[in-house]
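Chemist: sequence and predicted structure are below.
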Amino acid sequence: MTREKRVPLLVCDLDGTVRHGKDELGRFVNTPDDVVIFPEALELLRRWKQRGGRAIAVSNQGGIALGHMTMQVCASTMLRTYELCDQLFDKIVWCSHHPAAGDPEMARCWCRKPSPGLLIEAALEIAHRHNEIYPPYMGLFVGDRDEDEQCARLAGFDFLSAPEWRSQA
């Protein structure tokens, strides 16, 4: 029987962490043309992957539920993010729900941060694909908001603020 390899997992929020967000752009990232990557984040992703780790991005994209963007535009924006990050992410996932959505199906979920549901689902998927496991004690969650830190805590991951993380580049 083959035993799964233990691998460190980097979990990144996107807006304000890996790519410029509302604070930097003055608006939300709503289209592929809005995507601007922090060069320090790209360097740190590259180093993490060179050391044998996996990386996933977990993002709240409530603009879908609120009607500010379509799922297709969001997917195109995530693809642009993946490309500008040199395809270093093993998986990029997002929650399309928002508590203020008029449709009850779009207002409540298990995947919107601070809930760790989306992080866990993404980690399990790539673990299965690579016959690996990602023990939380070996992982790191990087983000710029309270909900990111809460998500990290709920998933058992260490947390680092985005500015502190990017200063390590």
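Modeler: Arrived safely, thanks for sending. Residues are numbered from 1 along each chain as shown.
Chemist: quick check: which element contains E164?
Modeler: In the assignment (DSSP states H and E), E164 maps to helix 162-166.
Chemist: send me that helix as CSV with only the CA atoms.
Modeler: The C-alpha coordinates for helix 162-166 follow below in CSV (Å, rounded to 0.1, in the frame of the first residue of the first chain):
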residue,chain,number,x,y,z
ALA,A,162,-0.5,39.8,3.2
PRO,A,163,1.7,42.8,3.8
GLU,A,164,4.0,40.8,6.2
TRP,A,165,4.1,37.9,3.7
ARG,A,166,4.9,40.1,0.7
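Chemist: how far off centre is it?
Modeler: Its chain's C-alpha centre and that of helix 162-166 lie 15 Å apart, by C-alpha atoms, centre = their mean, to the nearest Å.
Chemist: quick one: list the elements packing against it.
Modeler: Helices and strands touching helix 162-166, by 3 or more C-beta pairs under 8 Å, 6 or more residues apart in numbering; DSSP states H and E, are helix 39-50, strand 140-143. Yep, even glycine has a C-beta here, placed from its N, CA and C like the rest.
Chemist: of all these, which one is nearest C12?
Modeler: strand 140-143 (5.1 Å; C-beta to C-beta).
Chemist: quick one on the thing from earlier: possible to save the helices and strands packed on helix 162-166 as TSV with mean neighbour count, distance to R3 and mean pLDDT?
Modeler: TSV is the format used below for the helices and strands packed on helix 162-166 (neighbours: other C-beta atoms under 10 Å; distance: least, C-beta to C-beta, whole Å; pLDDT from 0 to 100):
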stretch	mean neighbour count	distance to R3	mean pLDDT
helix 39-50	16	23	98
strand 140-143	25	23	98
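Chemist: want to throw these into CSV with distance to A155?
Modeler: Conversion of the helices and strands packed on helix 162-166 to CSV gives the following (distance: least, C-beta to C-beta, whole Å):
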stretch, distance to A155
helix 39-50, 17
strand 140-143, 7
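Chemist: do you know which of those lies nearest K22?
Modeler: Nearest of the helices and strands packed on helix 162-166 (C-beta to C-beta): strand 140-143, 14.0 Å.
Chemist: what packs against the closest one?
Modeler: Checking 3+ C-beta pairs under 8 Å, 6+ apart, strand 140-143 ends up next to strand 9-12, helix 146-155, strand 158-161, helix 162-166.
Chemist: what pairs with the longest strand anywhere in the chain, parallel or antiparallel?
Modeler: What stands out as the longest strand in the chain, according to DSSP state E, is strand 54-60. Using DSSP bridges, the strands paired with strand 54-60 are strand 9-12 (parallel), strand 91-95 (parallel).
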